[in-house]
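**Q** Any chance you could fold what I've pasted below:
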Amino acid sequence: MPSFRVAFLLVAAAFARCTFSHPIAPQTPFISDADASTQCFTPQAAIASDCQSLFASPPPADWTNIAAGATDVFKPFCNASCCVYTNTAGVPTDVLVRAGKMLLGCTQRANGLVNGITRTDAAAICLADSKSVNGCF
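**A** Sure thing, here's the model as predicted:
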């Protein structure tokens with residue numbers, strides 16, 4: 001019987017490795033391998049195609065502080081469901097666009113939704129749904 005136990009354990013271990021090493025979709029936030037300062041899958045996802053359109057032709061930035069609390073939150077520009085949020089006013093548009101395009105790497109392929117936050121030398125920048133003012137910072 002020892003050979004049966006060994007074979008059973010080997011099959012069980014192989015099954016567990018296949019099952020748990022490749023989840024269908026991340027269920028909790030994680031840090032991107034590409035950039036240790038990037039977190040994907042924050043609350044309130046935006047439609048990735050809305051974000052792609054936004055970065056292709058960003059509008060002039062609006063630097064109104066939209067936060068009701070002690071922390072500053074700015075929503076410099078949006079397109080449909082996709083908005084860029086930051087905690088610092090006056091971040092150059094090219095920095096926001098570069099960070100936003102990088103965050104497109106957080107797109108969930110199964111449903112076409114994207115959200116995430118990254119930190120640059122200038123500010124923290126979040127890509128999320130237009131109703132996500134409290135979900136980024």
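**Q** hey, let's count contacts and neighbours off CA atoms from now on
**A** Fine.
**Q** What are the buried residues along stretch 129-136?
**A** With burial defined by 16 or more other C-alpha atoms under 10 Å, the residues of stretch 129-136 counted as buried are Asp129, Ser130, Ser132, Val133, Cys136.
**Q** and the closest residue to Pro60 other than its chain neighbours, bridged to which residues?
**A** Distance criterion C-alpha to C-alpha, 6 or more residues apart in numbering; nearest residue to Pro60, sequence neighbours excluded, is Phe77 at 7.3 Å. As for beta bridges, Phe77 partners with Val84 under DSSP bridges.
**Q** pLDDT-wise, what's the bottom of the buried residues of stretch 129-136?
**A** On pLDDT alone, Val133 ranks lowest of the buried residues of stretch 129-136, at 70.
**Q** what kind of secondary structure is that residue in?
**A** Under the three-state scheme (DSSP: H, G, I helix; E, B strand; the rest coil), Val133 adopts coil.
**Q** give me every residue that touches it.
**A** In this structure, Val133 makes contact with Ile66, Ala67, Val73, Tyr85, judged by C-alpha atoms under 8 Å, 6 or more residues apart in numbering.
**Q** next one: Asn65
**A** Contacts of Asn65 by C-alpha under 8 Å, 6+ apart are Asp72, Val73, Phe74, Lys75.
**Q** what are the ranges of the helices in the chain?
**A** Using DSSP state H, the helices of the chain run over residues 2-21, 48-56, 93-103.
**Q** Distance of Val73 relative to Ile125?
**A** 10 Å (C-alpha to C-alpha, to the nearest Å).
**Q** before we move on, what about Thr93?
**A** In this view, Thr93 and Ile125 are 12 Å apart by C-alpha to C-alpha.
**Q** Looking at the two, which has the bigger crowd around it?
**A** Between Thr93 and Ile125, Ile125 has the larger neighbour count (other C-alpha atoms under 10 Å), namely 29 against 16.
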